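A.B. asks: quick one, what's the 3D model for this:
(2 chains)
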Amino acid sequence: MTTQAVLQVRDLHKTYNGNQVLKGVEFDINKGQVKAVLGPSGSGKSTMLRLMALLEPADSGEILLKGSRIGSREHKGKVLHLPERALAIQRQEVGMVFQRFNLFPHLSAERNVMLGLTSVKGISHHEARAQAREMLQKVGLDNRADHYPSELSGGQQQRVAIARALVMNPSVMLFDEPTSALDPELVGEVLEVMENLAESGMTMIVVTHEVRFARRVANQVTLFDGGVIVEQAEPEQFFENPQHERTRKFLSHVH
Amino acid sequence: MFFDPNIFFEQLVSVDYIKGAALSVAVAIVALILATVIGFFMAIGRTAKQPYLRAPAHFYVWFFRAIPALLVLLIMWNALPQMIPALRADWFSPFIAASVGLGLVEAAFMSEIIRSALLSVDDGQALAGRALGMSPAKVMIKVVLPQAIRIALPPTGNEFIGLIKYSSLASVISLRELLTTAQVGVNITFRYAEYYAAAIVYYLVIVTILSFLQNRLEKKFAWTSKTAKVKKTAEPVVATQVGIS
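C.D. replies: Predicted coordinates for the structure are as follows:
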């Protein structure tokens, strides 16, 4: 059996206020693959994640999930964006972890994880609670289930956020600079959870500044700059023998 | 003629005053509920992108913020029944006219409170809800509203107290609420000080109770595990709340 593409991005364009952020991005990720996306701030990498999570419409281009188009459809040669309700259904397939966690402050850790199950999947409170507990255990926070976000450290909040996305059983997990808002001593615990997740076979796209994580955990590393993908290679080659001058320059800054 | 404590205490425990106070509170409660419901939709309208939603909401707030509540009550009670025969029936009581009239005016103010509360919720919250696959309605009900309510609570308490006092305007449409009760008594006995003092005591008691209730309500929105532990004893209730969704 050949490897199956979970998410494919074709010729993606996005402009904000006349500012071209994405200029024709092409991107594939196969089942079980972990892609690290590096690049300077403002290079469009976070925008690409938001488009793939269907949180914003692309100007043009298409996104395919397991071979079928999501987010928009073509009708008589015109691209139509799907209505919010239809997008909501497709979003369940794509898990998203935000830089600033975005946990729901009015809900305990456990209820943060349960909310998607009860309000989107219609799972009973009892069953959702069991699944939430299991997921919190996976991220090492079953003893913090009753705590509210304000009572958790940044690292713990981000782990709850990962559990919240994961419990929906998505086909792919997107991480938007998941450790950038954390104190340095809290970065490790989040990366560890992500590494375990990668080992369990989850398909992941990780926008990050953590070069060491990219090198150790990712199967493929991508450099984003100026709204396009500059270089895409396996970690070994990407870091030891980059093909593009732009990549060499970027690596010399972050090393 | 000095202050006669006997007359004061007699009035303080009289059925008329208790009825009047109850009527004032009832008008305020009905008006606030109406104002919150209308105000919520006006707030949604004013924050919407579509001009056909914004314009009517904008008009409503503009109109009812400009018109004095007293004039609205007079229109409700005198002008509307002239124009609409259905309102000449018995069911259209001063109580209904006052509650609806004050509710319509208050809705304009509530919509501003609710609008600012909705806007104060971090954008990342709705984003996280949408990313989970929640429909727009679910995002509003489960994620944004609970957080907005906490912010809207203190100013809403203010508005409620304001409505208790505004209910005295309903004397012009012959509703015997608290202040009218005092005034009617004064007109018969000319014991101004005793009757007004009794009214003051009632207003103070009402607002004290309200402040106490508001305080308790705000504590429920503390979002810490301490309140969560108290809630544990009432787990089945909480469970059904989430289960309905």
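A.B. asks: what's stretch A:108-124 in contact with?
C.D. replies: Residues from elsewhere that reach stretch A:108-124, judged by Cβ atoms under 8 Å, 6 or more residues apart in numbering or on different chains: A:88, A:92, A:103-104, A:107, A:125, A:127-129, A:131-133, A:135-136, A:141, A:144-149, A:152, A:156, A:160-161, A:163-164, A:167-168, B:132-134, B:138, B:142-143, B:225, B:228, B:242-243, B:245. All C-beta spots, glycine's among them, are computed from the backbone N, C-alpha and C.
A.B. asks: now those: which count as buried?
C.D. replies: For these, burial is judged from neighbour counts taken by 16 or more other Cβ atoms under 10 Å in any protein chain shown, and it is met by A:88, A:92, A:103-104, A:107, A:125, A:128-129, A:131-133, A:135-136, A:141, A:144-145, A:147-149, A:152, A:156, A:160-161, A:163-164, A:167-168, B:132-134, B:138, B:142-143, B:225, B:228, B:242.
A.B. asks: for residue 183, give me the pLDDT.
C.D. replies: I'll assume chain A. pLDDT, residue A:183: 94.
A.B. asks: that's the wrong chain, I wanted chain B
C.D. replies: Looking at residue B:183, its pLDDT is 88.
A.B. asks: list the residues that contact it.
C.D. replies: Residues touching residue B:183, when contacts are defined by Cβ under 8 Å, 6+ apart, comprise B:171, B:195.
A.B. asks: go again with 10 Å.
C.D. replies: Counting by Cβ atoms under 10 Å, 6 or more residues apart in numbering or on different chains, residue B:183 makes contact with B:168, B:171, B:176, B:192, B:195-196, B:199.
A.B. asks: chain A: which of the residues you listed is nearest?
C.D. replies: residue B:168 (37.1 Å; Cβ to the nearest Cβ).
A.B. asks: can you confirm the closest one is in a strand?
C.D. replies: No: counting by DSSP: H, G, I helix; E, B strand; the rest coil, residue B:168 is located in no strand; its state is helix.
A.B. asks: what strand or helix carries the nearest residue to it once chain neighbours are set aside?
C.D. replies: Taking Cβ to Cβ, 6 or more residues apart in numbering or on different chains, and ignoring the residues beside it in sequence, residue B:168 has residue B:179 as its nearest neighbour in space, at 3.8 Å. With the criterion set as DSSP states H and E, the secondary-structure element containing residue B:179 is helix B:178-189.
A.B. asks: ok, residue B:110 next?
C.D. replies: Element membership for residue B:110 (DSSP H and E) is helix B:94-120.
A.B. asks: list the buried ones in the very next helix or strand once past that helix?
C.D. replies: On the C-terminal side of helix B:94-120, the nearest following helix or strand under DSSP H and E is helix B:123-131. When burial is assessed from 16+ other Cβ under 10 Å, helix B:123-131 yields the following buried residues: B:125-131.
A.B. asks: again, but for stretch B:109-124
C.D. replies: Buried, per 16+ other Cβ under 10 Å, within stretch B:109-124: B:109-115, B:117-118, B:121.
A.B. asks: so it, near chain A or not?
C.D. replies: Yes: shown here: stretch B:109-124 in contact with chain A (Cβ under 10 Å from any Cβ of the partner chain) through B:121-124.
A.B. asks: re earlier: figure out how far the helix holding residue B:110 is from the centre of its chain.
C.D. replies: Mean-position distance between helix B:94-120 and its chain equals 7 Å (Cα atoms, centre = their mean, to the nearest Å).
A.B. asks: could you give me the average pLDDT of it?
C.D. replies: Computed over helix B:94-120, the mean pLDDT rounds to 96.
A.B. asks: check which helices and strands it is in contact with.
C.D. replies: Helices and strands in packing contact with helix B:94-120 are listed as helix B:15-47, helix B:51-66, helix B:69-74, helix B:80-83, helix B:145-166; criterion 3 or more Cβ pairs under 10 Å, 6 or more residues apart in numbering or on different chains; DSSP states H and E.
A.B. asks: and if we set it to 7 Å?
C.D. replies: Contact partners of helix B:94-120 among helices and strands, from 3 or more Cβ pairs under 7 Å, 6 or more residues apart in numbering or on different chains; DSSP states H and E: helix B:15-47, helix B:51-66, helix B:69-74, helix B:145-166.
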